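Engineer: Need coordinates for the following:
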Amino acid sequence: MSDVIVIGAGPAGLSGAIASAKNGLHVTVLDEFIKPGGRLLGQLHQEPSGEWWNGMKESERLLQEARNLNIDIRCGVSVYNLEKDEKLWNVHSNSGTLSAPNVLVATGAAEYPIPVPGWTLPGVMSIGAAQVMTNVHRVQVGSKGIIIGANILTFAILNELQLAGINVDRIVLPEKSPISGKAGDPEEVLKTLLHAAHLAPSPLLRIGSQFMKNDTLRKIGINFYPKNGMKINGTPLQLRKAAVEIVGKQQVEGVRVADTDVNGKVIPGSETIYEADFVCIAGGLYPLAELAAVAGCPFQYLPELGGHVPCHSETMETPLEGLFVAGNITGIESGKIAMAQGTIAGLAIAKHFGKGSGTIDQQLKRAIQQVRTVREHAAIQFNPEIEKGRGKMKEIWETQYTNQSGQKPHKRIG
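Structural biologist: Residues are numbered from 1 along each chain as shown. Below you'll find the predicted structure:
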């Protein structure tokens, strides 16, 4: 029997498994994909320092370290239930039930689907799917495409598609509706994108964006936003155009796009069809936390973290004894943050077992500081108010889930 079962072999899961195994614990990692690495597998970008972040190489490094520590990694395993008896967590999967006193849930994030008429046509995909097809499977998703939805993830993957020689013709917004919400509101989208303006390709855009953070100036800016958009690495970003339908008979042939007013309302009679043979829908990311919910973990809705997240401490433990979380399940951030959080969780689990030769508290302290350091130096944040969200969660934990001595009020397992 394992000491720890890790659900998810992405950056958080692998890092957590490694930290636990380094402290003498027997670890099993489960993942439904055919190979370990999670979202790391599709990531490829150049950082402000000029260095390239190659997620596939990073996942290979983590995998090799895990193998050297004799961590049992099982791919193609889907976990569908997580429940606890008196002392053990029972992890139910398509290949049977495994049990352990501690479980780390590192299931990552999923993409928000934004339904657009015609989205069931072959050639329509989420932007994350386009990233995986391009960077993992080396499959060209098409020759000329349109992205529906403008957010930080859009621009990160746009660059990766361009590096692969794929032509993205334009970026437009989804039609504004109760489902698309802020994703269809030009001013709200602009407000979000301004937080990544320091990465803009021209000095003029970078300087101008500082003025646009003023509410009044931003409203003026969206009023006078160019009809043909502003180019991002050669691809027009058209905040005043909305996709009303994806057209085609047997596959994608184009997108019907309409002009909008400053509030995102479609202007009648302004529709145009732009040709395309593929479409990416970019709705953003949310924490994939269903397993923690099934386990009975309490949740908190924190939009600064991306939505509903399981309640957790700085050491990644939940109110449920022996259940830990790490990575994007706790809030949408980068792969580097996920790795750092996984390390914290792995060390915290080791501490529960009395491991660490008296140095575990110091290791945990350094690991927590590492998360803060990585966050401070992050080039972009998927959610601009991430620090505010983390602060809220810390306050919730300290006021609701610790006693007067600052300790969790339940009995330790291990």
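Engineer: How many residues are close by Pro117?
Structural biologist: 12 (other C-beta atoms under 10 Å). In this view, the C-beta of every residue, glycine as well, is placed from N, C-alpha and C.
Engineer: what secondary structure does it sit in?
Structural biologist: In three-state terms, and counting by DSSP: H, G, I helix; E, B strand; the rest coil, Pro117 is coil.
Engineer: so what's Phe299 up against?
Structural biologist: Ala289, Ala292, Ala293, His308, Val309, Pro310, Cys311 (C-beta atoms under 8 Å, 6 or more residues apart in numbering).
Engineer: top of these by neighbour count?
Structural biologist: Neighbour max across the contacts of Phe299 (other C-beta under 10 Å) = Ala292, 29 neighbours.
Engineer: can you tell me the helix or strand for that one?
Structural biologist: Here Ala292 sits within helix 290-294, counting by DSSP states H and E.
Engineer: Could you export stretch 272-287 as CSV, CA atoms only?
Structural biologist: Output of stretch 272-287 as CSV, limited to C-alpha atoms (Å, rounded to 0.1, in the frame of the first residue of the first chain):
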residue,chain,number,x,y,z
THR,A,272,-19.3,39.8,-42.6
ILE,A,273,-18.1,36.2,-43.2
TYR,A,274,-14.3,35.7,-42.8
GLU,A,275,-12.9,32.5,-44.3
ALA,A,276,-11.2,30.0,-42.1
ASP,A,277,-10.6,26.3,-41.9
PHE,A,278,-10.2,26.1,-38.2
VAL,A,279,-11.6,27.9,-35.2
CYS,A,280,-10.3,28.1,-31.6
ILE,A,281,-12.6,29.0,-28.8
ALA,A,282,-10.8,30.6,-25.8
GLY,A,283,-13.1,30.9,-22.8
GLY,A,284,-10.3,31.0,-20.2
LEU,A,285,-9.5,28.5,-17.4
TYR,A,286,-11.2,27.4,-14.2
PRO,A,287,-10.0,25.0,-11.4
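Engineer: and that stretch, what's its mean pLDDT?
Structural biologist: In this model, stretch 272-287 has a mean pLDDT of 96.
Engineer: Just the buried positions in it, please.
Structural biologist: Going by neighbour count (16 or more other C-beta atoms under 10 Å), the buried part of stretch 272-287 is 274, 276-287.
Engineer: Return the helix holding Ala292 as CSV; C-alpha atoms alone will do.
Structural biologist: Output of helix 290-294 as CSV, limited to C-alpha atoms (Å, rounded to 0.1, in the frame of the first residue of the first chain):
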residue,chain,number,x,y,z
GLU,A,290,-14.7,18.0,-8.9
LEU,A,291,-12.8,15.2,-7.1
ALA,A,292,-12.2,17.4,-4.0
ALA,A,293,-15.9,18.2,-4.0
VAL,A,294,-16.8,14.5,-4.2
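Engineer: low-scoring pLDDT stretches of the stretch 151-300 of the chain, where are they?
Structural biologist: 195-221, 224 (pLDDT under 70).
Engineer: at 80 what do you get?
Structural biologist: Along the stretch 151-300 of the chain, segments meeting pLDDT under 80 span 192-224, 227.
Engineer: just the strands in it please.
Structural biologist: Taking DSSP state E, counting those that start in this stretch, the strands of the stretch 151-300 of the chain run over residues 167-174, 230-232, 235-247, 254-259, 272-275, 278-281, 285-287, 299-302.
Engineer: Let me know how buried Gln369 is, in neighbour terms.
Structural biologist: 11.
Engineer: So for Ile127, which of the strands of the stretch 151-300 of the chain sits nearest?
Structural biologist: strand 278-281 (4.2 Å; C-beta to C-beta).
Engineer: quick one on the thing from earlier: what's the most buried one of the strands of the stretch 151-300 of the chain?
Structural biologist: Using mean count of other C-beta atoms under 10 Å, the stretch among the strands of the stretch 151-300 of the chain with the largest mean neighbour count is strand 278-281, at a mean of 26.
Engineer: For that strand, which strands pair with it and how are they oriented?
Structural biologist: strand 124-126 (parallel), strand 144-148 (parallel) (DSSP bridges).
Engineer: a markdown table for those strands, including distance to Gly118, mean neighbour count and mean pLDDT?
Structural biologist: Output for the strands paired with strand 278-281, formatted as a markdown table (distance: least, C-beta to C-beta, whole Å; neighbours: other C-beta atoms under 10 Å; pLDDT from 0 to 100):
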| stretch | distance to Gly118 | mean neighbour count | mean pLDDT |
| --- | --- | --- | --- |
| strand 124-126 | 7 | 21 | 97 |
| strand 144-148 | 11 | 24 | 98 |
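Engineer: Is it possible to get JSON lines of those strands that adds distance to Asn54?
Structural biologist: What follows is these, written out as JSON lines (distance: least, C-beta to C-beta, whole Å):
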{"stretch": "strand 124-126", "distance to Asn54": "22"}
{"stretch": "strand 144-148", "distance to Asn54": "23"}
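Engineer: on contacts alone, who are the packing partners of the helix holding Ala292?
Structural biologist: Other helices and strands packing on helix 290-294, by 3 or more C-beta pairs under 8 Å, 6 or more residues apart in numbering; DSSP states H and E, are strand 79-84.
Engineer: and after the strand it packs on, which helix or strand comes next?
Structural biologist: By DSSP H and E, the next helix or strand past strand 79-84 is strand 89-93.
Engineer: Could you check the angle that next one makes with strand 79-84?
Structural biologist: Put simply, strand 89-93 runs at 160 degrees to strand 79-84, going by axes from the mean of the first three to the mean of the last three C-alpha atoms, to 10 degrees.
Engineer: Show me how far the helix or strand that contains Ile344 is from its chain's centre.
Structural biologist: Per DSSP H and E: Ile344 is located in helix 335-352. Averaging C-alpha positions (C-alpha atoms, centre = their mean, to the nearest Å) puts helix 335-352 17 Å from its chain's average.
Engineer: In CSV, list the C-alpha atoms belonging to it.
Structural biologist: The C-alpha trace of helix 335-352 is given here as CSV (Å, rounded to 0.1, in the frame of the first residue of the first chain):
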residue,chain,number,x,y,z
GLY,A,335,3.3,25.8,-14.4
LYS,A,336,6.1,27.2,-12.3
ILE,A,337,3.7,28.1,-9.5
ALA,A,338,2.1,24.6,-9.7
MET,A,339,5.5,23.0,-9.3
ALA,A,340,6.3,25.1,-6.3
GLN,A,341,3.0,24.4,-4.7
GLY,A,342,3.4,20.6,-5.4
THR,A,343,6.7,20.7,-3.5
ILE,A,344,5.0,22.4,-0.5
ALA,A,345,2.3,19.7,-0.5
GLY,A,346,4.8,16.9,-0.7
LEU,A,347,6.8,18.3,2.2
ALA,A,348,3.6,18.8,4.3
ILE,A,349,2.6,15.2,3.7
ALA,A,350,6.1,14.1,4.8
LYS,A,351,5.7,16.2,7.9
HIS,A,352,2.5,14.3,8.7
